[in-house]
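Asks: coordinates for the following, if possible.
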Amino acid sequence: RLKRPIHHVLRILRYKHLYTAVVIFFLLFFKAFWSPDILFLVFLTIFAVYGHAKEYIRKFTPVVALLISYDALRGIVPLISHRVHYWPMINFDRWLFGGQLPTNMLQNLWHPGSALHWYDFYFYALYMLHFLIPFGVAALIWKYRPNRFWQFGGALLLLSYAGFITYIIFPAAPPWMASDMHLIPHLTKISTDVWWSWSVHSLPNIYETFNPNPVAAVPSLHAAYPTLEFWFIRRFFGWKPAALFLVYAASLWIGVVYLGEHYVFDVLLGMIYGTSAFWISELVIIKGWHRPVIARVKRIRPRRRTNVPGDAPASRV
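Replies: This is a model prediction of the structure:
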């Protein structure tokens, strides 16, 4: 009698795992820019299949809402900061690399003509995973280190808003913009070429209503996010997974310079920001400064309905 229910459960689990695999494959290989609002809905379907939709909404909604608000606010930077910095990053990179700009060096070496190569698509594919990877890391931490989920979410928000404040204080142009202004040797904006060649899809999302901020290059959050994620993976899952993740992170650090999106200065500062956000979050945990916030969150959670005689037992969420 026990064999049939067990077989039924295994079959359901097999379908759940298959659905999850299909969704992950779609996210990785469907050529689209995945914004936080779209990712929130996609991951909601996965968590709902496993019966964790309420927990997912409760934990992920504040983080995603604040990330979206950060990107919405980022668009006001050009309106309030009119002095754009071009030379500090150029001078630093030239000083560090003997008078040459790494972006020009890499493009001269890897992109001498107009034809696109396989690594152009590789670097741009990693560039488009900017929001998808944090969602994946957050889901892993929620699954295997649930008591540290808020640490990761808090560190991610701290990092994002630290970048936003820096954009206000120090609006900085990326290499491709300096090239358009004829301040540095000619660069090819490879990202644009790959976008059109690859026929990347732009799914309807909230981000389409935001004003873009082209002078948000310092620090590079495309370098900062992978740095933060590396430290959390190292902290919770060990050196082996962290070393594998480092391949992705290093590829992205090199890629944003090669694509003409950032200087090495931006990348190094992004790595410092990401590392700082991680260690600040660790300090908060060590000192116990997070406990009043967690206690307040627990108090606002809906109470379970107590059973009265004649009622069916309350189901677990």
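
Asks: quick one: the helices in the stretch 51-200 of the chain, in order.
Replies: All helices of the stretch 51-200 of the chain, identified by DSSP state H, counting those that start in this stretch, fall at 53-74, 77-80, 87-96, 102-110, 118-127, 132-144, 149-169, 175-180, 190-198.

Asks: closest to Ala243 out of the ones you listed?
Replies: Among the helices of the stretch 51-200 of the chain, the nearest to Ala243 by CB to CB is helix 132-144 (15.4 Å). In short, each C-beta sits where N, CA and C put it, glycine included.

Asks: contacting residues around the closest one?
Replies: Helix 132-144 has contacts (CB atoms under 8 Å, 6 or more residues apart in numbering) with 27-28, 34, 36, 39, 43, 59-60, 63, 148-149, 152-153, 156, 225-226, 229, 232-233, 236-237, 248.

Asks: before we move on, back to that, same list (the helices of the stretch 51-200 of the chain) but as JSON lines, adding distance to Val256 and mean pLDDT.
Replies: As requested, the helices of the stretch 51-200 of the chain are exported to JSON lines (distance: least, CB to CB, whole Å; pLDDT from 0 to 100):
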{"stretch": "helix 53-74", "distance to Val256": "17", "mean pLDDT": "82"}
{"stretch": "helix 77-80", "distance to Val256": "19", "mean pLDDT": "67"}
{"stretch": "helix 87-96", "distance to Val256": "13", "mean pLDDT": "97"}
{"stretch": "helix 102-110", "distance to Val256": "9", "mean pLDDT": "96"}
{"stretch": "helix 118-127", "distance to Val256": "7", "mean pLDDT": "93"}
{"stretch": "helix 132-144", "distance to Val256": "14", "mean pLDDT": "90"}
{"stretch": "helix 149-169", "distance to Val256": "14", "mean pLDDT": "92"}
{"stretch": "helix 175-180", "distance to Val256": "10", "mean pLDDT": "95"}
{"stretch": "helix 190-198", "distance to Val256": "9", "mean pLDDT": "87"}
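
Asks: quick one: those helices as JSON lines, columns for distance to Tyr273 and mean neighbour count too.
Replies: Listed next are the helices of the stretch 51-200 of the chain as JSON lines, based on distance: least, CB to CB, whole Å; neighbours: other CB atoms under 10 Å:
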{"stretch": "helix 53-74", "distance to Tyr273": "14", "mean neighbour count": "17"}
{"stretch": "helix 77-80", "distance to Tyr273": "17", "mean neighbour count": "13"}
{"stretch": "helix 87-96", "distance to Tyr273": "15", "mean neighbour count": "16"}
{"stretch": "helix 102-110", "distance to Tyr273": "20", "mean neighbour count": "17"}
{"stretch": "helix 118-127", "distance to Tyr273": "18", "mean neighbour count": "18"}
{"stretch": "helix 132-144", "distance to Tyr273": "14", "mean neighbour count": "18"}
{"stretch": "helix 149-169", "distance to Tyr273": "6", "mean neighbour count": "19"}
{"stretch": "helix 175-180", "distance to Tyr273": "19", "mean neighbour count": "21"}
{"stretch": "helix 190-198", "distance to Tyr273": "22", "mean neighbour count": "16"}
